[in-house]
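A.B. asks: pasting the sequence and the predicted coordinates here, then a few questions.
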Amino acid sequence: MERTNRLLDCYLPPGEGFVLESLVATTYQVDFEFVEEDLLAVAFGVRSPVSRHWAFRSELERKLQKAEVTVMYDLGGCGKRARLSPRIDAIPIVSRKLHSKISLLMWVRESGAEKDKTERRMRLIVGSANLTRQGFRHNYECVASVDFGGRNTSPRLLLTVAIGLVKQIAAETNVTQLARQLAAFTKQTALLPVGATEAEDPVALVAASDVVQIVRDSWTAISAKAPETVTVVSPFWPEGSSAAEALAGLFRQLGPPKNMELVCRGERSADGKEWLPVFDSALAIEIKKRLGTGLCLRAALPGSALQDSSPPAVDIGDETEEEAFKNSLGSGSNVSSDIQRALHAKMILLDGTEGSVIYTGSSNCTRRGLSLGGPSNFEAGFVYRLSPSQRKRLTGLLEFAGPAIEVHANSAPATVHPTDEDESVVPIFLAEVIATGTIVTVRFRDVVPSDLVLLMPIPAKSEDAGFWLLYQPDAQRQGQPETITTDLISCDRCDDTLRRLPTESASQQAQPNVFIEARWHGHSANYPVRFDDKTQLPLILMGRKPTEGELIEYFLFGKEPDEWDDGGGSSGDGSPGPKPDAPIDTRRILAYFIRRFVQAIPGIEAEIHRACYSFSSLDAVLRGPTSPLELAERAFASLTRPPSNYEPLKTPTAVGFQFPEILAALTRCQAAAVDSELHECFTPVITRCRELLDTLASRYEELQTEGFCLYRARILGDAN
């Protein structure tokens, strides 16, 4: 991958023709709006101008149909942000603090006529940046990426360790998509060569408990002497009466060095004249006394390197968001109140004449971050060994750090005392929330609060549509529930004060939302809803299933169904307007309708062949909202429902004719699939279509005649 200082570029495809197939990410905080409309838009190559927001959302959902995206995050770090797309699996973790920032990406090259060999690339991204706009746009962060596959020969062990760390984090979950993704990463990793550690590669990927040991061992491999300088960059530090003991013990293990530099967050002094490190001055004095070495504190400046944060050239009229952000800030002074770049990078840097060792990752210099005593967080970081020449190339690494403030054993340095941050209250009693169609299932992991109320906002174009009341205390309910299941079609509705609302008409579509709201003991928090069968989701949240005629036109002309229409058929200001003279619409004539269906068969096969480069892409094409299976379901339902606008009244013979043709097309495509996994992807779809055909044949006498049986046998090779 080309070198870049822009974090979003780490999510660009590795080459021409590669499309994102799988993304698994772990993060502490997450902003799903940023993930979907910035990060994934970059990964998929989807532009997002404000003037075409609905078209952008639709295009993004189509890309998500053919990829699998899972984001694991810490339940205490997410706040009230909820994702927009139900196709993204959002999985909260509660067993330990999830603080690692790992992204596993897999791309696949879209195949043409030759499908005998599918080409894949993988990328491992590790660093300090959460999946938030602040982390990718504003903070001081440190992130590194390593590519695998093709000409890249980086050590396979790095990827193996990363997959193992993600599996450890996911151990408390039971998510089908995530298990399938990790299995695919494991399988693809096994195909890679062992690889060798080149000069630019990290020597290890480490968790919290391994950071100090691996950093020390890496230094020992470089030099038998103690490092001359150890620099630790961290926004947070140990607190409490034993903090000095923990830090002094850490620094002894890292040397002890001749000089120590601690780079901290910065804040304005009380008189507003200085920019000071956020660090406990008494703690600094105690560390100085215990170590007896040189000790300096440095504050992260609030506006360093702003002028270099954007790409070197931007087309006029196509200014990027980052460029606009930079220009809005202006030049200003380093301590201007308008410029606040927060320190969020975490690094440990050991320097000496023989070389350097650097750790960069998610671990703050705290007990939990570096396993300095007590339980540790889920953390991840890279360790690098640098030659003196490589170290020179990193001269600008700490340019955001201000001047050194030396710590003396007999006088307190000028600092800003850190303040404690209140931890958010989270619904740890929730295990998972799953939506299947209109059925919502909530599973609990702990004792349910006595006053718990679970609400699901009703997706609607108006903001005051109310909530579905999924759960509230019931005096008649015995014991603590382990699972509750609710059908949204019959679920009570309420407003924000829990006042009941009138029941909606039966025609109102009951589409689950992507999150629920939990209220208990005066607290309120969001919890994500998981949609396990994503192929049955509409293209956008407020969408609907396309009609049979729309599906035929999709395969025949490539015309996309109008997924953001509510299906009412009205448009404009609602006035009927003059009735134009028009020729007879042949779409109302069954013979023309069937002819259009037959002409659409090559389009169905072409669509399937184009998707035969990955399981997720093929599965979406076979079972998604614009798929042959959906066409079969719509055709089957057409015999029991009135026809849609401009669609003819169907007969059992007409529908019976459609099914063998769909099945024959699926069978031909299955035979052309070389990969065994892709071959099996057809099986459930073909089985379902056969079930529908068998049901039709048993229900209607005209499909039991000798003529239809012969036709079916001729097309499908059987008479069942």
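C.D. replies: Structure received.

A.B. asks: would you map the strands across the stretch 101-250 of the chain?
C.D. replies: Here the stretch 101-250 of the chain has its strands, by DSSP state E, counting those that start in this stretch, at 102-109, 120-127, 143-149, 152-153, 204-206, 229-233.

A.B. asks: any chance of the ones you listed in a markdown table, with mean neighbour count too?
C.D. replies: C-betas here are computed from N, CA, C, even on glycine. Formatted as a markdown table, the strands of the stretch 101-250 of the chain follow (neighbours: other CB atoms under 10 Å):
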| stretch | mean neighbour count |
| --- | --- |
| strand 102-109 | 24 |
| strand 120-127 | 23 |
| strand 143-149 | 20 |
| strand 152-153 | 18 |
| strand 204-206 | 24 |
| strand 229-233 | 24 |
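
A.B. asks: in the helix or strand hosting R57, what counts as buried?
C.D. replies: Using DSSP states H and E, R57 sits within helix 53-65. Across helix 53-65, burial judged by 16 or more other CB atoms under 10 Å covers 56-65.

A.B. asks: out of these, flag the one nearest to A41.
C.D. replies: Using CB to CB, L60 comes nearest to A41 of these, at 6.6 Å.

A.B. asks: spatially nearest residue to the closest one (excluding sequence neighbours)?
C.D. replies: V46 (5.2 Å; CB to CB, 6 or more residues apart in numbering).

A.B. asks: still on that earlier bit, and the buried residues of helix 53-65, which two are furthest apart?
C.D. replies: F56 and Q65 (15.1 Å).

A.B. asks: picking that back up, make a markdown table out of the buried residues of helix 53-65 and add distance to G369 and pLDDT.
C.D. replies: Formatted as a markdown table, the buried residues of helix 53-65 follow (distance: CB to CB, whole Å; pLDDT from 0 to 100):
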| residue | distance to G369 | pLDDT |
| --- | --- | --- |
| F56 | 38 | 86 |
| R57 | 38 | 85 |
| S58 | 42 | 84 |
| E59 | 40 | 87 |
| L60 | 35 | 90 |
| E61 | 37 | 89 |
| R62 | 40 | 88 |
| K63 | 36 | 91 |
| L64 | 33 | 93 |
| Q65 | 38 | 91 |
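
A.B. asks: just give the number of residues close to I93.
C.D. replies: Neighbour count of I93, defined by other CB atoms under 10 Å: 21.

A.B. asks: same question for P388.
C.D. replies: Here the number of neighbours of P388 (other CB under 10 Å) works out to 12.

A.B. asks: could you list which residues are in contact with it?
C.D. replies: Contact partners of P388, counting by CB atoms under 8 Å, 6 or more residues apart in numbering, are 353-356.

A.B. asks: let's see the pLDDT reported for it.
C.D. replies: According to the prediction, P388 has pLDDT 91.

A.B. asks: which strand of the protein spans the most residues?
C.D. replies: strand 18-27 (DSSP state E).

A.B. asks: quick check: angle from that strand to strand 120-127?
C.D. replies: Relative orientation of strand 18-27 versus strand 120-127 (axes from the mean of the first three to the mean of the last three CA atoms, to 10 degrees): 30 degrees.

A.B. asks: got the angle for strand 18-27 vs strand 143-149?
C.D. replies: Inter-element angle recorded for strand 18-27 and strand 143-149: 140 degrees (by the same axes, to 10 degrees).

A.B. asks: residues in contact with whatever helix or strand V69 lives in?
C.D. replies: V69 belongs to strand 68-74 when assigned by DSSP H and E. Identification of contacts with strand 68-74 by CB under 8 Å, 6+ apart yields 21-30, 32, 35, 40, 87-93, 97-99, 131, 166, 169-170, 173, 175, 177-178, 180-181, 616.

A.B. asks: what does stretch 405-419 give?
C.D. replies: 236-237, 239, 267, 269, 274, 276-282, 284-285, 287-289, 294-299.

A.B. asks: compute the first-to-last residue distance for it.
C.D. replies: Stretch 405-419 has its terminal residues 21 Å apart, counting by CA to CA, to the nearest Å.

A.B. asks: check which residues of it are buried.
C.D. replies: Judged by neighbour count using 16+ other CB under 10 Å, the buried positions of stretch 405-419 are 405, 407, 413, 415-416, 418.

A.B. asks: quick one: neighbours of the residue lying closest to V212 once chain neighbours are set aside, just the number.
C.D. replies: Of all residues not flanking V212 in the chain, Q253 sits nearest, at 5.4 Å (CB to CB, 6+ apart). Residues lying near Q253 (other CB under 10 Å) number 14.

A.B. asks: please apply the same query to L350.
C.D. replies: Neighbour tally, L350, other CB under 10 Å: 27.

A.B. asks: same deal with R180?
C.D. replies: 15.

A.B. asks: tell me the pLDDT at it?
C.D. replies: For R180, the pLDDT comes out at 94.

A.B. asks: is E141 in contact with G127, as I believe?
C.D. replies: Yes: E141 lies in contact with G127 (CB atoms under 8 Å); the separation is 6.3 Å.

A.B. asks: I'd guessed L343 sits against R298; true?
C.D. replies: No: judged on CB under 8 Å, L343 makes no contact with R298 at a distance of 10.2 Å.

A.B. asks: what sits in contact with each of those two?
C.D. replies: Common neighbours of L343 and R298 (CB under 8 Å, 6+ apart) are 263-264.

A.B. asks: higher neighbour count, those two?
C.D. replies: Counted by other CB under 10 Å, L343 and R298 do not tie: L343 has more neighbours, with 25 against 21.

A.B. asks: quick one: contacts for the more buried one?
C.D. replies: Residues counted as contacts of L343 (CB under 8 Å, 6+ apart) are 139-140, 233, 235, 263-266, 300, 400.

A.B. asks: which residues does it bridge with?
C.D. replies: Y140 (DSSP bridges).

A.B. asks: that one and F279, how far apart?
C.D. replies: 12 Å (CB to CB, to the nearest Å).
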